[in-house]
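Participant: Sequence first, then the predicted structure, then my questions.
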Amino acid sequence: MEVTIKLNDAEFATLKQILGGVSGAVIPAAPTSEAGNPLAVGIEEAAQMLSCAPGTIRKFIRQRRLPRLNGFRHILIPKSAIEKFIKESAKVQ
């Protein structure tokens, strides 16, 4: 049986500690590079990177102007897609 629960970061950290030794408990992490830097960011961080509201990021995802990664607890956006979005936006202006 698979269960999906929305948690804030503190709740997630606590749950990860509790379930760390439980057999069969799988908690996927955000993808990272070999250097340990995240390859993808959440809605809030993407909004900070683009200096806009989180709602604007959600709108860009709905409009398919920004891609999203599936299979994770939160919506994640590849950093490379944000960088490409910035470069393409700069060319238009």
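Facilitator: Nice, I can see it. Everything numeric in this text was worked out from a predicted model, so none of it was measured.
Participant: Name the helix or strand of this structure that has the lowest mean pLDDT.
Facilitator: Sorting the helices and strands of the chain by mean pLDDT, DSSP states H and E puts helix 9-19 at the bottom, at a mean of 68.
Participant: Show the subsequent helix or strand relative to it.
Facilitator: strand 40-41 (DSSP states H and E).
Participant: longest helix in the chain, by residue count?
Facilitator: Within the chain, and with DSSP state H defining each element, the longest helix by residue count is helix 79-92.
Participant: by contact count, what packs against it?
Facilitator: Where contact means 3 or more CB pairs under 8 Å, 6 or more residues apart in numbering; DSSP states H and E, helix 79-92 is packed against strand 40-41, helix 43-50. C-beta: built from backbone N, CA, C; applies to glycine.
Participant: Okay, angle between the longest one and helix 79-92 too, please.
Facilitator: With axes from the mean of the first three to the mean of the last three CA atoms, to 10 degrees applied, the angle from helix 43-50 to helix 79-92 works out at 40 degrees.
Participant: next helix or strand past helix 43-50?
Facilitator: helix 54-62.
Participant: can you pull the buried residues of that following helix?
Facilitator: By neighbour count on 16 or more other CB atoms under 10 Å, the buried set for helix 54-62 is Ile57, Arg58, Phe60, Ile61.
Participant: from the residues you listed, which is closest to Lys79?
Facilitator: For the buried residues of helix 54-62, the residue nearest Lys79 by CB to CB is Ile57; the value is 13.2 Å.
Participant: ok, which pair from the buried residues of helix 54-62 is furthest apart?
Facilitator: Arg58 and Phe60, at 7.4 Å, using CB to CB across the buried residues of helix 54-62.
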